[in-house]
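Colleague: Any chance you could fold what I've pasted below:
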Amino acid sequence: MKRQLLVLLALLPLLLAAQVGDLPRSTPAAEGISTQAVINMMDSLMGLPECDIHHVMVVRHGKVVAELHPAPFRAEDSHTLYSASKTFTSLAVGCAIDDNLLRLDDRVMTFFPDKRTGRVSDNMAAMTVRDLLMMASGVKPDWTMRNNSTDWVKDWLAKPVDDKPGSLFQYDSMCTFMLSAIVQRVTGQTMLEYLQKKLFDPMHITVADWETSPDGINTGGWGLRVQAETMAKLGQLLLNKGNWNGQQLVSADYVTAACSRLIDGGAKETVPPTDGNQGYGYQVWQSKWPGSFRADGAMGQYTVVVPQEDLVVVILGMKLYGHEELACIWNQMMPGLNAKPLQPENKLQKKLEKLCANAGLQLPKGKKGKKQSILLHLNSNKFGIRQIGLFGGNGLNTMELEYEAQDSEEYALGYNSWRYSTLAGLPYYSINAINRMQGFAHGFTAAGAYAWTSATTLEVKVHFVDWISGMNYIFDFDKNEVSICDTYPNSKPVTIPFTRQ
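Modeller: Residues are numbered from 1 along each chain as shown. This is a model prediction of the structure:
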């Protein structure tokens with residue numbers, strides 16, 4: 001027994017890592033997709049302006065036929081999903097319904113008698129779980145509430161319900177948070193714990209963590225962090241109507257409804273139609289291609305399902321208007337789909353494999369520079385950075401940031417390559433909710449690179465590879481200033497004077 005335990009412990013890291021590569025692999029041609037069409041889509045995605053692609057996976061007939069993880073991002077890295085998290089929340093609700101713990105027509109207020117403040121309005125009393133799922137609560141969205149409140153359930157339930165619940169789509173991440181709070185009330189577990197038992201364990205999803213509210217409720221509408229292959233598995237689960245390898249994890253009726261057009265989605269119709277106006281189900285968006293639907297998150301987090309073609313496409317990255325990414329699927333790859341397998345396309349397959357193996361985000365361009373150590377004292381700034389140290393052996397190896405009110409941070413730097421390091425703190429985030437990034441189970445990883453773009457100008461890039469964001473630093477030693485900018489779309493660089501010590 002002792003020997004068996006030792007063998008099991010020795011294998012545990014391999015078992016955990018095995019989540020990457022779980023789905024069977026094939027080639028586009030073998031599954032009836034033109035290899036050139038896949039190449040065209042990958043090229044188009046990588047060429048989109050003002051866009052960083054972090055992960056792409058194409059799955060047909062349940063097999064991964066192509067995947068792209070541009071350096072420094074890797075298949076094993078988690079990625080935050082923003083609102084694509086919502087689809088997992090919907091599935092948790094479906095599981096709770098299957099377990100007879102709640103119903104679609106249950107009234108929201110009945111779950112939280114301890115959170116009532118004063119008289120409950122008729123509209124609030126009438127609001128149901130179904131209304132929350134369809135983003136039709138009747139509550140006007142307040143995107144700043146989570147930035148100021150420590151009891152999100154109580155403060156949201158105290159809001160006026162101006163519209164009749166179920167009558168008007170108003171996209172609101174707090175509706176999804178309330179679903180998470182309901183799941184936690186009826187199960188006695190956080191939603192992540194419940195999903196681990198109901199979905200993640202049967203699907204061999206071993207890497208997942210989720211932000212929590214100030215009082216320990218998974219945020220629901222955002223904040224889930226998983227690997228790209230997990231999103232491919234999500235797409236397959238939805239495509240198979242809740243069935244995973246013969247096991248019905250969520251009822252088919254619920255998944256079918258969730259992935260249907262149940263409400264108009266609040267967008268104006270356009271000609272030609274776009275993905276934004278196709279309608280909404282239970283935390284699932286309808287898409288432009290007939291019969292298709294998707295999990296959808298800010299900055300371009302997509303899992304697209306096309307049931308008629310037995311197809312799933314995952315795209316994770318950083319782009320403000322991600323519908324351009326969806327257009328790459330429709331315009332570049334879909335015309336290459338066939339009902340039957342194609343003859344082997346060996347030359348094109350090698351070209352695709354080379355494209356995917358060599359893909360990478362842009363590295364700083366310039367010279368390596370000589371061995372030196374530089375210590376800079378920064379003027380007061382919004383980042384709270386007091387001092388930056390640049391240290392080298394053969395060129396530069398490390399950038400160390402010393403903060404006013406937190407631990408120092410050290411980034412390993414590569415030249416013409418990325419070097420990885422573990423963060424002591426947290427990556428930059430676009431959401432300012434109180435206690436943001438609370439609840440994550442493990443730390444974050446940074447990938448750094450540098451180059452001297454001139455004799456007196458140094459560029460450093462950092463990507464947080466198991467998150468989404470990054471930071472760019474440009475040091476101008478003629479002007480004695482550094483320009484710092486995060487990688488979120490529309491971010492503006494901040495120029496900070498420094499003195500060299």
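Colleague: Would you mind listing the buried residues in stretch 478-490?
Modeller: Neighbour-count burial for stretch 478-490, counted by 16 or more other C-beta atoms under 10 Å, picks out 481-482, 484, 486-489. Where C-beta positions appear, they are placed from N, C-alpha and C, glycine not excepted.
Colleague: meant to ask about stretch 270-283, not that
Modeller: Here stretch 270-283 shows 274-276, 278-283 as buried, counting by 16+ other C-beta under 10 Å.
Colleague: Format the residues you listed as a markdown table; extra columns: distance to Lys233 and pLDDT.
Modeller: Below are the buried residues of stretch 270-283 laid out as a markdown table (distance: C-beta to C-beta, whole Å; pLDDT from 0 to 100):
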| residue | distance to Lys233 | pLDDT |
| --- | --- | --- |
| Thr274 | 28 | 79 |
| Asp275 | 22 | 85 |
| Gly276 | 26 | 79 |
| Gln278 | 24 | 90 |
| Gly279 | 25 | 94 |
| Tyr280 | 23 | 97 |
| Gly281 | 19 | 98 |
| Tyr282 | 19 | 98 |
| Gln283 | 17 | 98 |
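Colleague: List the ones among the residues you listed that fall in strands.
Modeller: Per DSSP state E, strands hold no members of these.
Colleague: helices or strands up against the helix or strand that contains Gly94?
Modeller: In this structure, Gly94 is located in helix 85-98 according to DSSP states H and E. Contact here means 3 or more C-beta pairs under 8 Å, 6 or more residues apart in numbering; DSSP states H and E; on that basis helix 85-98 packs against helix 129-133, helix 173-187, helix 191-195, helix 228-239, helix 252-258, strand 293-297.
Colleague: Ile329 against Leu311, yeah?
Modeller: No. Between Ile329 and Leu311 there is no contact under C-beta atoms under 8 Å: 9.1 Å.
Colleague: Show me the common contact partners of those two, please.
Modeller: Listed as contacting both Ile329 and Leu311 by C-beta atoms under 8 Å, 6 or more residues apart in numbering are Val304.
Colleague: and the residue lying closest to Lys241 once chain neighbours are set aside, how far is that from Gly242?
Modeller: Counting by C-beta to C-beta, 6 or more residues apart in numbering, Lys241 lies nearest to Ala252, which is 4.1 Å off, once chain neighbours are set aside. Computed as C-beta to C-beta, to the nearest Å, the Ala252 to Gly242 distance reads 5 Å.
Colleague: The two: which has the busier surroundings?
Modeller: For Ala252 versus Gly242, the count of surrounding residues by other C-beta atoms under 10 Å is larger for Gly242: 23 against 12.
Colleague: Could you verify my assumption that the residue nearest to Lys241 touches Asn243?
Modeller: Yes. Between Ala252 and Asn243 a contact is recorded at 7.2 Å, counting by C-beta under 8 Å.
Colleague: follow-up on the earlier one: tell me which two in the buried residues of stretch 270-283 are the farthest apart.
Modeller: The two members of the buried residues of stretch 270-283 with the most space between them (C-beta to C-beta) are Thr274 and Tyr282, at 21.8 Å.
Colleague: contacting residues around the residue nearest in space to the middle of the chain?
Modeller: Among the residues of the chain, Leu81 comes closest to the average C-alpha position under C-alpha atoms, centre = their mean, at 1.9 Å. Contact analysis of Leu81 by C-beta under 8 Å, 6+ apart lists 222-226, 231, 295, 297, 301, 316.
Colleague: Mind checking which of the residues you listed land in helices?
Modeller: Judged by DSSP state H, the subset of these located in helices is Met231.
Colleague: so which of the contacts of Leu81 comes closest to Glu193?
Modeller: Leu224 (13.2 Å).
Colleague: Where does pLDDT dip in this protein?
Modeller: For the chain, the stretches with pLDDT under 70 are 1-18, 269, 271-272.
Colleague: show me where the stretch 1-150 of the chain has helices.
Modeller: Counting by DSSP state H, counting those that start in this stretch, one finds helices in the stretch 1-150 of the chain at the ranges 2-17, 35-46, 85-98, 122-126, 129-133, 145-148.
Colleague: now for the fourth one, which elements pack on it?
Modeller: When contacts are defined as 3+ C-beta pairs under 8 Å, 6+ apart, helix 122-126 sits against none of the other helices and strands.
Colleague: coming back round to it: want to throw the helices of the stretch 1-150 of the chain into TSV with distance to Gly265 and mean neighbour count?
Modeller: Listed next are these as TSV, based on distance: least, C-beta to C-beta, whole Å; neighbours: other C-beta atoms under 10 Å:
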stretch	distance to Gly265	mean neighbour count
helix 2-17	38	9
helix 35-46	25	21
helix 85-98	13	25
helix 122-126	22	16
helix 129-133	13	24
helix 145-148	23	16
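Colleague: now for those, which one comes closest to Lys370?
Modeller: It's helix 35-46; of the helices of the stretch 1-150 of the chain, that one is closest to Lys370 (C-beta to C-beta) at 33.8 Å.
Colleague: Buried residues, stretch 432-450. List them.
Modeller: Going by neighbour count (16+ other C-beta under 10 Å), the buried part of stretch 432-450 is 433, 436-437, 439-440, 444-450.
Colleague: nearest to Pro341, of the residues you listed?
Modeller: Using C-beta to C-beta, these come closest to Pro341 at Ala447, 38.1 Å.
Colleague: For the closest residue to the closest one other than its chain neighbours, give me its contacts.
Modeller: Take Ala447 and drop its neighbours on the chain: the residue closest to it by C-beta to C-beta, 6+ apart is Pro72, 3.4 Å away. Shown in contact with Pro72 (C-beta under 8 Å, 6+ apart): 360-361, 418, 420, 447, 449, 463, 465.
Colleague: who wins for neighbours among these?
Modeller: His463 (28 neighbours).
Colleague: So that one is in contact with Ala447, correct?
Modeller: Yes. With contacts counted by C-beta under 8 Å, His463 reaches Ala447, the gap being 4.9 Å.
Colleague: Helix, strand, or coil at Gly389?
Modeller: strand (DSSP: H, G, I helix; E, B strand; the rest coil).
Colleague: which ones are touching it?
Modeller: By C-beta under 8 Å, 6+ apart, Gly389 lies in contact with 373-376, 398-400, 402.
Colleague: hmm, 7 Å instead?
Modeller: Going by C-beta atoms under 7 Å, 6 or more residues apart in numbering, Gly389 touches 375, 400.
Colleague: Look up how far Gln248 lies from it.
Modeller: 57 Å.
Colleague: what's the answer for Ser83, then?
Modeller: Between Ser83 and Gln248 the computed distance is 27 Å (C-beta to C-beta).
Colleague: Looking at those two, which is more packed in?
Modeller: A count of neighbours by other C-beta under 10 Å puts Ser83 above the other of Ser83 and Gln248, at 21 against 13.
Colleague: burial measure for the residue nearest to the more buried one when sequence neighbours are not counted, as a count.
Modeller: Nearest residue to Ser83, sequence neighbours excluded (C-beta to C-beta, 6+ apart): Gly297, at 4.3 Å. Look at Gly297: counted by other C-beta under 10 Å, it has 25 neighbours.
Colleague: How about Ala257?
Modeller: Residues near Ala257, counting by other C-beta under 10 Å, number 18.
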